[in-house]
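*Asks:* Just the structure for this:
(chains A and B)
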Protein chains: 2
Amino acid sequence: MDQPLSRLISELSRLPGIGPRTATRLSYHLLKVSTEQARRLAEAIVDVKEKLGHCSRCNSITAVDPCSWCTDPTRDPTRLCVVEEPFNIQPIERTGEFHGRYHVLLGALSPQRGIGPGELKVEGLFDRLEGVEEVILATNPNVEGEATALYLSRRLKPLVPRVTRLAFGMPVGGDIEFTDEVTLGRSLAGRRDL
Amino acid sequence: MDQPLSRLISELSRLPGIGPRTATRLSYHLLKVSTEQARRLAEAIVDVKEKLGHCSRCNSITAVDPCSWCTDPTRDPTRLCVVEEPFNIQPIERTGEFHGRYHVLLGALSPQRGIGPGELKVEGLFDRLEGVEEVILATNPNVEGEATALYLSRRLKPLVPRVTRLAFGMPVGGDIEFTDEVTLGRSLAGRRDL
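*Replies:* Numbering: from 1, shown residues only, chains lettered A, B, ... in the order given. Sure, this is the predicted structure:
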C-alpha cells in the first residue's frame, strides 16, 4: 500500500468510532471522489480549527466572542441551562422548549477518570448568576452527568431561587417491555397526575 | 451553530456510512484535537488525491506507474488474481497464500445499476494473458461478483489453461446453527474428501 494512503488511513483511525476498516473504506472513497470535494473537506477541517473557539462566557463553540447565545437580546436571561458539551445545545434548541441562555461545562465530573470540578468550567457559572431565576441542570442521564448535577445543585441552591433537573422516564414511542428497569423505575417514581 | 462547523458537518456527511449524527460527533471531536492533528488529517486527504493514481496495467492504487505489484520481480507472473476494487488486494495479501500479480476491474457487472463490461477495466485484462497459467477470479461472493466471475470465466477459458474461483463455504470459527442456508448449501456442495 502506498504511503499517502496508509497515512490517511492512520489519521482517520484516530477519530472516535472510526476503526481501521472504516478508515480504509473512507480512504478509498476519498480516492474516488472529485479533487474538489476532497479539498473542500480538508479545508473545512482546517477552518473549524482556525475560525472557531470557545465563548468566554458560556464556553459554547463560536466564531465571535461572546457568542450569539449570550448576546441575542430575544433570549431570556433569567433561565440558564447547564450542559456538558457544546453539542448538547442543538438538541435542546430543537425541542423549542427552552429560550434562555446556556452554560457549557466542557465535561462532567468523573472520579474514575480523575475529572474534578477544577477540570470543568464550573467557576464561570457562578459569575453568571445575577438576575438568574432558574438553573436547569441538563447534564447527561448517566453516572457522571448525575454526579455533576448533584454537585452543582448543592452549590447552586443557596444562590438561585430554582434549580431543576431534566425529567427521566420512558422515551416517547418506547415500549415498556423493552425499557430497562432503571429507566422504568425512574419513570414510575416521576409519575404525574392526569 | 457557526458556519465553519456546519460546513464541516455537511462535508463529512457526504462520506459513505457517515450520517449527520456521526458527522456532528466527528466535527466536535476535530474541534477538540490539536491543530496539528487536524492539519495532518487535512493534508493526508489532499495528498491521496494529489499523489496517488491508478496503475496503468493493473488499475491498483499507486504513487508510481506501473505499480509495485506489477514490477516486483519476486512475484509470480504466471498467476493473475482478478479483484473488483483496489482495497480487495490487501486482504488477499494478508492471507499469505497468493504471490502472483493482480488485475483490478474497478467494479462488478450490475445490470440493475447499468454497469456492463464496458464500464469495467475488462479489456486490459485480456492484454495481460501472455504467459499466464492461471487466472483466479476473486470477485465478491454476491450476485454482482458472481455474474462478473461467470462472464469472465466464459471469455477466459479459451485463452488460459486454468480459470479458478475462490471457494465458498462456512467461515472459519463459524457455527452451522448460525450460517445462512445459501452459504451452508455451498459449503455442502463444495465438500472435500478427508
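*Asks:* what ranges do the strands span in chain A?
*Replies:* In chain A, strands defined by DSSP state E lie at A:53-54, A:61-62, A:76-83, A:100-104, A:134-137, A:162-165, listed in chain order.
*Asks:* Mean pLDDT, distance to chain B and mean neighbour count for these - can I get that in TSV?
*Replies:* No exception for glycine: its C-beta is placed from N, CA and C like everyone else's. What follows is the strands of chain A, written out as TSV (pLDDT from 0 to 100; distance: least, CB to the nearest CB, whole Å; neighbours: other CB atoms under 10 Å in any protein chain shown):
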stretch	mean pLDDT	distance to chain B	mean neighbour count
strand A:53-54	94	9	16
strand A:61-62	94	6	23
strand A:76-83	95	12	19
strand A:100-104	96	11	24
strand A:134-137	92	21	20
strand A:162-165	90	24	16
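*Asks:* Looking at those, which is nearest to residue A:6?
*Replies:* With CB to CB as the criterion, residue A:6 lies closest to strand A:61-62 of those, at 31.9 Å.
*Asks:* Which neighbours in the sheet does the closest one have, and how are they oriented?
*Replies:* In the sheet, strand A:61-62 lines up against strand A:53-54 (antiparallel) (DSSP bridges).
*Asks:* Using TSV, lay out the strands of chain A together with distance to residue A:89.
*Replies:* Output for the strands of chain A, formatted as TSV (distance: least, CB to CB, whole Å):
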stretch	distance to residue A:89
strand A:53-54	13
strand A:61-62	9
strand A:76-83	6
strand A:100-104	6
strand A:134-137	12
strand A:162-165	17
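*Asks:* nearest to residue B:143, of the ones you listed?
*Replies:* With respect to residue B:143, and counting by CB to CB, the nearest of the strands of chain A is strand A:61-62 at 45.9 Å.
*Asks:* Specify the beta-bridge partners of the spatially closest residue to residue A:59 that is not a sequence neighbour.
*Replies:* Of all residues beyond its chain neighbours, the one nearest residue A:59 is residue A:104 (3.9 Å), with distances taken as CB to CB, 6 or more residues apart in numbering or on different chains. Counting by DSSP bridges, residue A:104 is bridged to residue A:83.
*Asks:* got it, and residue A:134?
*Replies:* As for beta bridges, residue A:134 partners with residue A:79, residue A:162 under DSSP bridges.
*Asks:* list the contacts for it?
*Replies:* Residue A:134 sits next to A:78-80, A:100, A:160-164 when contact means CB atoms under 8 Å, 6 or more residues apart in numbering or on different chains.
*Asks:* what's the closest of those residues to residue A:41?
*Replies:* Sorting the contacts of residue A:134 by how near they are to residue A:41, with CB to CB, puts residue A:100 at the top with 35.3 Å.
*Asks:* I figured that closest one hits residue A:74, correct?
*Replies:* No - using CB atoms under 8 Å, residue A:100 makes no contact with residue A:74, being 10.9 Å away.
*Asks:* end-to-end on stretch A:86-102?
*Replies:* Across its full length, stretch A:86-102 reaches 9 Å end to end, with CA to CA, to the nearest Å as the criterion.
*Asks:* Nearest to residue B:117 among the strands of chain A would be which one?
*Replies:* Distances from residue B:117 to each of the strands of chain A were compared using CB to CB; the minimum, 50.6 Å, belongs to strand A:61-62.
*Asks:* Show me what that closest one is in contact with.
*Replies:* So strand A:61-62 is in contact with A:52-55, A:67-68, A:86, B:1-2, B:5, B:28, B:31, going by CB under 8 Å, 6+ apart.
*Asks:* now, among those residues, which is nearest to residue A:125?
*Replies:* The closest of these to residue A:125 turns out to be residue A:55 (CB to CB; 13.1 Å).
*Asks:* check contacts around that closest one.
*Replies:* With contacts taken as CB under 8 Å, 6+ apart, residue A:55 has the following neighbours: A:61-62, A:65-67, A:69-70.
*Asks:* Just put these in JSON lines and tack on distance to residue B:138.
*Replies:* As requested, the contacts of residue A:55 are exported to JSON lines (distance: CB to CB, whole Å):
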{"residue": "A:61", "distance to residue B:138": "47"}
{"residue": "A:62", "distance to residue B:138": "52"}
{"residue": "A:65", "distance to residue B:138": "56"}
{"residue": "A:66", "distance to residue B:138": "59"}
{"residue": "A:67", "distance to residue B:138": "54"}
{"residue": "A:69", "distance to residue B:138": "55"}
{"residue": "A:70", "distance to residue B:138": "59"}
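*Asks:* and these, which are buried?
*Replies:* Burial of those was assessed by neighbour count (16 or more other CB atoms under 10 Å in any protein chain shown); the buried members are A:61-62, A:67, A:69-70.
*Asks:* Closest one of those to residue B:145?
*Replies:* For residue B:145, the nearest member of these is residue A:61. The distance, counting by CB to CB, is 44.8 Å.
*Asks:* Give the bridge partners for the closest one, please.
*Replies:* Applying DSSP bridges to residue A:61 yields these beta-bridge partners: residue A:54.
*Asks:* Overlap in contacts, residue A:100 and residue A:74.
*Replies:* Between them, residue A:100 and residue A:74 share no neighbouring residue, with contact defined by CB under 8 Å, 6+ apart.
*Asks:* what sits against residue A:106?
*Replies:* Under the criterion of CB under 8 Å, 6+ apart, the contact list for residue A:106 reads A:54, A:59, A:84-86, A:120-121.
*Asks:* where in chain A is pLDDT low?
*Replies:* In the predicted model of chain A, residues A:1-2, A:193-194 satisfy pLDDT under 70.
*Asks:* Helices of that one, start to end?
*Replies:* Taking DSSP state H, the helices of chain A run over residues A:3-13, A:20-32, A:35-51, A:68-71, A:89-95, A:123-126, A:143-156, A:181-189.
*Asks:* closest one to residue B:174 among those?
*Replies:* Nearest to residue B:174 among the helices of chain A is helix A:20-32 (19.1 Å), distances taken as CB to CB.
*Asks:* Any buried residues in that closest one, and which?
*Replies:* Along helix A:20-32, the positions that meet the burial threshold by neighbour count (16+ other CB under 10 Å) are A:22-31.
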